[in-house]
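1. predicted model follows, preceded by the sequence.
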Amino acid sequence: MTNFWLFIPEFTITALAFGVIGADLFLARENKKYLPWISSIGLIVVLGIALNYLLGKQENLYGGLFLIDDFSMFFKVFFLILGLLVVLISSEYVKNHIKHPGEYYGILIFSILAMMLMAASGELLTAYISLELLSFCLYVLVASGRYGEKSTEAGVKYILLGAVASAFMLYGISQIYGLVGTTKFADMNLVLVAENSSALDLGLIMGIVFIIGGLAFKIAAVPFHMWAPDVYEGAPTPITAYLAVGSKAAAFALILRMMSSGFISIMEDWQMVIIVIAALTMTLGNLVALAQNNIKRLLAYSSIGHVGYLLMGVVAMTPLAFDGIMLHLVGYGVTNLACFMCIIMLYNSTGRDDVAGYAGLADRSPFLAMSMAVALFSLAGLPFFAGFTTKFYLFTAVANEGLIWLVGLAILNSLISLYYYLMVIKSMYIDPSEDTTVLVFSRYSLSVLGILVVFIFLVGVYPGPLVELIQEASQSLFSYIP
Amino acid sequence: MDNYLLISLILLPALAAIMVAFVPRQRLFEIRAISGIVAFALFVLSAYSFINYDNEVGGYQFTRDYAWLDALGIQLSMGIDGISTTMVLLTGIVSFTAVLISWNIEHRAKDFFVLFLLLVAGVYGVFVSLDLFFFFFFYELAVLPMYLLIGVWGSSSDFVTFIRNKEYGALKLMLYLVAGSILVWVALLAVYVEGDMNSFSLLKLQDAEFSEDFQRLYFPMFMVGFGVLAGLWPFHTWSPDGHVAAPTSVSMLHAGVLMKLGAYGIIRIGVDLLPQGAEYWMPLLMILGTINVVYGAVSALSQTDLKYVIGYSSVSHMGYVFMGLATLNATGMGGAVLQMFSHGIMTALFFALVGVIYDRSHVRDIGILEGLAKRMGWTASFFAIAGLASLGLPGLSGFVAEVLVFIGTFKDYPIFGVLGIIGAAITAVYILRLLGKVFFGPISEDWKTLPDASNVEKFSAGILVLFLLVVGLYPKPWMDLINTGLSPLIERVAGL
């Protein structure tokens, strides 16, 4: 008998999403400002429920379609907190620039549900359906600033290319089902270990490559990254932050689970593909970022670079490397949110999101400039900040598997990235600005930014407890492998 | 007290940076007072560690470990031996005097002191860390604030033929140093993986058996990676540009202490962990070091900007450090470490005095400055002492260090010893020419109203001069300490 209590966070978050959309229908226009509060309180409640009912459980639902373990639990908590933070950084932006707040928050919550399902799915079709749910939510969210030309363009681009990527992935899934006869990761592993025949190989590798292609689109890995800069630039800024962190983390959760519990026995066959993608992704992302003068495009390419680092961890395929990936996802996530919060705050008060618009920010708002500098230094991987510690962890784990040349390339890329982050910092601190009015921000947005900056320091200086949680998560993932 | 000595060397400046960050920016006095008091406390603590280090016992003292990240075997483990104690004292002296010199900064003073204190925390961290992760952590932390410190508070130079603006100097410095740290990072990871004991601890990794091929492959990465920060030719070009662009106190700390981080890294990590690699590559370091000495001196000879002269003289003097290290014998290496200390004090004094002159006259061109001694007696005498120490006059610290380096060099590399002495002779030429032109001789009309150094400036320059004299006349405490630190290292090299 299926224990539906294990599914209760998903049920409650669905109810919350409908509740927010429903409330939007009944609330008077002037009361719609309460929607972000309803959403964030709701998410905190869901978080509480998840922690209360699921902590430390290791079970499965619907005969292995969904897996409840420390790994899915870690990502559930990650996504819920991420969703909460995105709601917090959205609220002022939505008030100023988005006409239908109810839909915005409702769909945002649906996409959190989708990500939670993705991290928990134990077989390909469930994963695919969760991925589609996530994609559809994101298509809508990207285009939700739909009265602006750029947002609409971004939405169209994203949906067209996304549909192609889905087709890729579906084809790969059918290929694998045809050859292995199952879509469950655990069973696939058993079949692959038992058969060990070369007749499977080519078709199987093609299937895996197609699935990786579909997911590579989600994480914006080269050569499936073309959409990212345009969509990042056009989407409402909080959604850009969400895309950069959330959809990537969800796709990585799926990749980690699929590769480790499904395809680990034929690791040698697909490793090379990922090595090439990782090397290309980080190099191209960082090099092209050098030429950007819009801050959102710059961060789009920088995030492509970061995906390259994360993919190295997938190649290494050890619990330590998986710790590294999850840790870097957290560090990168916090840092990116802080960075985008700065962008949103500046955009809300000056309407600029080009790098030149940051000139003289250190005089106009010292705190904002300091936070942005902290976030950028963290992205570049300088110490005291999250980026240094998480990168060091990830790179060490990968180097441990004998891939020191790949790590060397990644470290070289960090140097390249430092240059373009420094250009933004130069703009803020050194370049004079023609407009020297002091910028004033609401206490609310300053405190959200303050919290994010504190997190950047905390992960950078005291990562111990976080790493312990992450270790449990990755151990539970490797416990499926006989 | 001894238990918390080293951690407080890191935490004091870091916490002070946070404190200053919360002081409202118009409260200049509080900002300066916090920085000044903390810098003085650090000076006292550094002197305490210098005095209380027990030479009889030797090894690492004041050790303390804090668990940090078990998954990778990272501990915040700290301890100082003879070499690092000398460097800690140097940091204490230079950072205290540098804070005094920057007392009058008013433009965004708060941001300046926050970054400056972070820099100090990073430098101390490197010298006291016995864990490779934290060594690297603090090493990078010491590089991080440089860009802003130079870019915001620095000054551009405008020559007739070319312009070096401060952004250029800052960016060049930052990119060079981080490029160097890339090599260090890769080599650190290689050592960690090859050591295979899930530990970044320097003491544990010393026992690892690294194969000869491995050592030969990775030692040059440490040598060049750290060498960039120490101004190793041909990667030194950031150093004159960066130091010239930097504000006075940052030049002091950077040329005085940060460049020593690089040389310290070569000793502490390169030679200590990979002694066979060191032995294999040291002739190259000797060649490069000698080029440093001669090339730096010749370049200094042809500069017209006062600060560029000092910048190139730093490159030249760091060459003696490389030469001394490359000998791998007790005399030469002892000389190298003493040269690190002596040059640190000397160059800090130089930059402080150039800062004083530039502050008053807004000119650094040797062709224009004339006969300043008539108006700026104190400044001129201090400058003369620094200059004499720089050209190796007996009785000042530079002499002791350079003589040791030369003796060490002559044992195995006589030709390079001769070249090194030629370098010292060229130093004498540019220093004496500079002294004659800028300070002594007839004063031109323009400078007849120039005020002398203020009391604070005299005080901080006085401290530096005092150490130049003490080390020059009575180097025994320093040499005993340095030899205690070096002897296990030299045994490791010799035993292999």
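-> Ah, there it is. Numbering: from 1, shown residues only, chains lettered A, B, ... in the order given.
2. hey, let's count contacts and neighbours off CA atoms from now on
-> Will do.
3. show me what contacts residue 234?
-> No chain in the question, so chain A it is. A:G234 is in contact with A:V142, A:K150, A:S151, A:T152, A:E153, A:A154, counting by Cα atoms under 8 Å, 6 or more residues apart in numbering or on different chains.
4. correction: the question concerned chain B.
-> B:L288.
5. make it 10 Å
-> Listed by Cα atoms under 10 Å, 6 or more residues apart in numbering or on different chains, the contact set of B:P234 reads B:V224, B:G227, B:V228, B:L288, B:I291, B:N292.
6. likewise for A:L415?
-> So A:L415 contacts A:286, A:380-381, A:409, B:174-182 (Cα under 10 Å, 6+ apart).
7. tabulate those residues (a markdown table), appending distance to B:A67.
-> As requested, the contacts of A:L415 are exported to a markdown table (distance: Cα to Cα, whole Å):
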| residue | distance to B:A67 |
| --- | --- |
| A:N286 | 35 |
| A:A380 | 26 |
| A:G381 | 22 |
| A:L409 | 31 |
| B:M174 | 31 |
| B:L175 | 33 |
| B:Y176 | 33 |
| B:L177 | 29 |
| B:V178 | 28 |
| B:A179 | 30 |
| B:G180 | 29 |
| B:S181 | 25 |
| B:I182 | 26 |
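8. show me the shaky parts of chain A.
-> Per-residue confidence for chain A (pLDDT under 70) gives these ranges: A:1-2, A:146, A:196-200, A:480-482.
9. swap the cut-off to 80 and go again
-> Regions of chain A meeting the criterion pLDDT under 80 cover residues A:1-5, A:28-30, A:53-64, A:145-148, A:194-201, A:265, A:268, A:433-436, A:479-482.
10. for the host helix or strand of B:L76, which outside residues touch it?
-> Taking DSSP states H and E as the definition, B:L76 sits inside strand B:74-80. For strand B:74-80, contacts defined as Cα under 10 Å, 6+ apart pick out B:5-7, B:49-50, B:53, B:58-69, B:85-88, B:125-135, B:198-203, B:485.
11. just to revisit the earlier point, could you dump the contacts of A:L415 into a markdown table with neighbour count and secondary structure added?
-> Shown next, in a markdown table, are those (neighbours: other Cα atoms under 10 Å in any protein chain shown; DSSP: H, G, I helix; E, B strand; the rest coil):
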| residue | neighbour count | secondary structure |
| --- | --- | --- |
| A:N286 | 28 | helix |
| A:A380 | 25 | helix |
| A:G381 | 25 | coil |
| A:L409 | 17 | helix |
| B:M174 | 25 | helix |
| B:L175 | 19 | helix |
| B:Y176 | 20 | helix |
| B:L177 | 26 | helix |
| B:V178 | 23 | helix |
| B:A179 | 20 | helix |
| B:G180 | 23 | helix |
| B:S181 | 28 | helix |
| B:I182 | 24 | helix |
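12. now, which of those sits nearest A:P229?
-> For those, the minimum distance to A:P229 (Cα to Cα) is 12.7 Å, reached by A:N286.
13. the closest one: what's it in contact with?
-> Residues in contact with A:N286, defined by Cα under 10 Å, 6+ apart, are A:298-306, A:308, A:413-420.
14. can you check A:V86 too?
-> A:V86 sits next to A:S40, A:L80, A:Y105, A:L108, A:P238, A:I239, A:A241, A:Y242, A:G246, A:L337, A:M341 when contact means Cα under 10 Å, 6+ apart.
15. how far away is the fourth one from A:Y393?
-> Here A:L108 is placed at a distance of 31 Å from A:Y393 (Cα to Cα, to the nearest Å).
16. and what of the fifth one?
-> A:P238 sits 28 Å away from A:Y393, taking Cα to Cα as the criterion.
17. ok, the last one next?
-> Applying Cα to Cα, one obtains 26 Å for the distance of A:M341 from A:Y393.
18. who has more neighbours, the two?
-> Each of A:M341 and A:Y393 has its neighbours counted (other Cα atoms under 10 Å in any protein chain shown); A:M341 has more, 29 against 23.
19. tally of neighbours for residue 58?
-> Looking at chain A here, since you left the chain open. For A:Q58, using other Cα under 10 Å, the count is 14.
20. try again with chain B
-> Burial measure for B:G58: 17 neighbouring residues, criterion other Cα under 10 Å.
21. residues contacting it?
-> B:I80, B:D81, B:G82, B:L481, B:N483, B:T484, B:G485, B:S487, B:P488.
22. what helix or strand does it sit in?
-> Element membership for B:G58 (DSSP H and E) is empty, with no helix or strand holding it.
23. longest strand in chain B, please.
-> What stands out as the longest strand in chain B, according to DSSP state E, is strand B:61-69.
24. please point out which parts of that one sit buried.
-> Within strand B:61-69, the residues scored as buried using 16 or more other Cα atoms under 10 Å in any protein chain shown are B:Q61, B:F62, B:T63, B:R64, B:W68, B:L69.
25. adding distance to B:P394 and pLDDT, write these out as JSON lines.
-> Converted to JSON lines, these look like this (distance: Cα to Cα, whole Å; pLDDT from 0 to 100):
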{"residue": "B:Q61", "distance to B:P394": "33", "pLDDT": "84"}
{"residue": "B:F62", "distance to B:P394": "35", "pLDDT": "86"}
{"residue": "B:T63", "distance to B:P394": "37", "pLDDT": "83"}
{"residue": "B:R64", "distance to B:P394": "40", "pLDDT": "86"}
{"residue": "B:W68", "distance to B:P394": "48", "pLDDT": "85"}
{"residue": "B:L69", "distance to B:P394": "50", "pLDDT": "83"}
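26. quick check, nearest of the residues you listed to chain A?
-> For the buried residues of strand B:61-69, the residue nearest chain A by Cα to the nearest Cα is B:L69; the value is 5.5 Å.
27. from memory that closest one sits against A:Q471, does it?
-> No: contact criterion Cα atoms under 10 Å: B:L69 and A:Q471 do not qualify, at 11.8 Å.
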